[in-house]
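Chemist: any chance you can model this:
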Amino acid sequence: MTWDVALILGIDGLANGAVYLLAGLGLVLIFSVTRVVFVPFGDVAAFAALTLAAFETNRMPPTIGLVLTLAVLALLTEVGSLIRRGEQRQIPKALLLWGVLPAVPCLLAWLAARAGVPASLQIVATVLLVVPIAPLLARVVYQPIADASVLVLLIVSLALHFLLSGLGLLFFGPEGSRTAPLASGTLALGDGFTVSGQVMLMVASAIVLSGLFFLVFERTVAGKALRATAVNRVGARLVGIRPARTAMLAYGSASLLAGLIGVLIAPVTTMYYDSGFIIGLKAFVAAIIGGLVSYPMTAVGAIAVGLVESFASFWSGALKDVIVFSLLIPVLMLRSFLTVHADEDEEEVDQ
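Modeler: Reported below is the predicted structural model:
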């Protein structure tokens, strides 16, 4: 390995790390607020990439049907819950929240596909279309079992991933897709070494979105509500914060991040209906390095995962994923050694 090769691998690792950084932030956000390891995060990103590819090929995005299906299930779940609780007066509000609102981006995407809008509007329509996916899944699957243990929630997340993979195959088909680069041109760094505009866009997007993520948490009421719920759910209830609402806000924010990730990675890799699982797993490794609670450490872990993956692909392309996932072993052993253990029941009593 020469220095030139190492530099190329390093730049590639930073680009991959930028993607895992955004995905890791989404996973940590959901887990800190809801205790859910949102395994289907990568699936949402894959659906976003396939949606953008459908726009570019002048096809109607199958994501419209997927979102409408989930919206019907969420609406039926909410209406059934209201009827059981004797709160029929809230049904019109439920129709607006779980029926009309998810249908709005579907209508916009349908109009965009019919009108043949420019690429920038296709990206906007793609991101808006996938934003409702995580909140709808949360209403159907996670909200009814919100008080279950972390292990039960993890098992449900895994089952949900396989269900989404089946739905992805049904709606998108087995064919892979790749979109046109979002940024053209290159940046010369000397001695004939260049960096593509797409790589620079990925890294810059990760930096900007991470900064916005920090500002939202520090400067907005919604961000402070998310932080309060993450620190202490009972205390958040006592000061008037509804954990169910902050949970939906967390799912919506994570779904937005997943949509942006799908748009960023669609030009650099061929995406299939089940490609999101590997993305989610590698982001999970980064989140574990951060203990599923620390955003700065998750960012460090994401960059480390990206660099390890890049250099591992040079030495053995077939084993690069194995090498990346093997990082979990020393990290988990170290955290198990340093963490003071307590039963989950005792932790809930303390809270």
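
Chemist: count of neighbours near residue 242?
Modeler: Using other CB atoms under 10 Å, residue 242 has 12 neighbouring residues. Heads up, the C-betas are built off the backbone N, CA and C, glycines and all.

Chemist: likewise residue 79?
Modeler: Residues near residue 79, counting by other CB under 10 Å: 17.

Chemist: strands along the stretch 151-300 of the chain, start to end?
Modeler: 186-190, 193-196 (DSSP state E, counting those that start in this stretch).

Chemist: nearest to residue 31, of these?
Modeler: Across these, the minimum distance to residue 31, taken as CB to CB, is reached by strand 193-196, at 33.5 Å.

Chemist: against which helices or strands is that closest one packed?
Modeler: Using 3 or more CB pairs under 8 Å, 6 or more residues apart in numbering; DSSP states H and E as the contact criterion, the elements in contact with strand 193-196 are helix 3-34, strand 186-190.

Chemist: show me how far the longest one is from its chain's centre.
Modeler: Distance, stretch centre to chain centre, for helix 3-34: 13 Å (CA atoms, centre = their mean, to the nearest Å).

Chemist: restrict the next helix-or-strand element following it to CA atoms and write it as CSV.
Modeler: Note on helix 3-34: by DSSP states H and E, the next helix or strand toward the C-terminus is helix 41-56. The C-alpha atoms that make up helix 41-56 are tabulated as CSV, following Å, rounded to 0.1, in the frame of the first residue of the first chain:
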residue,chain,number,x,y,z
PHE,A,41,-33.8,2.7,9.5
GLY,A,42,-31.7,1.4,6.6
ASP,A,43,-34.8,0.2,4.8
VAL,A,44,-36.2,3.7,4.8
ALA,A,45,-33.0,4.9,3.3
ALA,A,46,-33.1,2.2,0.6
PHE,A,47,-36.7,3.1,-0.2
ALA,A,48,-35.7,6.7,-0.6
ALA,A,49,-32.9,5.8,-3.1
LEU,A,50,-35.3,3.6,-5.1
THR,A,51,-37.9,6.4,-5.1
LEU,A,52,-35.4,8.9,-6.5
ALA,A,53,-34.4,6.3,-9.2
ALA,A,54,-38.1,5.9,-10.1
PHE,A,55,-38.4,9.6,-10.6
GLU,A,56,-35.3,9.8,-12.8
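
Chemist: which of the strands of the stretch 151-300 of the chain is buried the deepest?
Modeler: strand 193-196 (a mean of 16; mean count of other CB atoms under 10 Å).

Chemist: tell me the average confidence for that strand?
Modeler: Across strand 193-196, the average pLDDT comes to 76.

Chemist: quick revisit: quick one: which of the strands of the stretch 151-300 of the chain is nearest residue 228?
Modeler: The nearest among the strands of the stretch 151-300 of the chain, by CB to CB, is strand 193-196 at 41.1 Å.

Chemist: what's next to that closest one, contact-wise?
Modeler: 4, 7-8, 11, 181, 183, 185-189 (CB atoms under 8 Å, 6 or more residues apart in numbering).

Chemist: same thing but 6 Å
Modeler: 11, 186-188 (CB atoms under 6 Å, 6 or more residues apart in numbering).

Chemist: ok, stretch 218-236 next?
Modeler: 32-33, 216-217, 241, 243, 246, 351.

Chemist: now, among those residues, which is nearest to residue 337?
Modeler: Nearest to residue 337 among these, with distances taken as CB to CB, is residue 32, at 22.8 Å.

Chemist: look up the closest residue to the closest one, ignoring the ones flanking it.
Modeler: residue 230 (3.8 Å; CB to CB, 6 or more residues apart in numbering).

Chemist: quick one, which of the strands of the stretch 151-300 of the chain gets closest to residue 114.
Modeler: The nearest among the strands of the stretch 151-300 of the chain, by CB to CB, is strand 193-196 at 32.9 Å.

Chemist: just give me how far the closest one sits from the chain centre.
Modeler: 28 Å.

Chemist: list the strands paired with that strand, with their directions.
Modeler: strand 186-190 (antiparallel) (DSSP bridges).

Chemist: so for the strand it pairs with, what's the average pLDDT?
Modeler: For strand 186-190, the per-residue pLDDT averages 70.

Chemist: ok, stretch 50-62 next?
Modeler: Stretch 50-62 comes out at a mean pLDDT of 91.

Chemist: where does pLDDT dip in the stretch 51-200 of the chain?
Modeler: 189-192 (pLDDT under 70).

Chemist: residues contacting residue 139?
Modeler: residue 74 are the contacts of residue 139 under CB under 6 Å, 6+ apart.

Chemist: gap between it and residue 80?
Modeler: Using CB to CB, to the nearest Å, residue 139 is found at 11 Å from residue 80.
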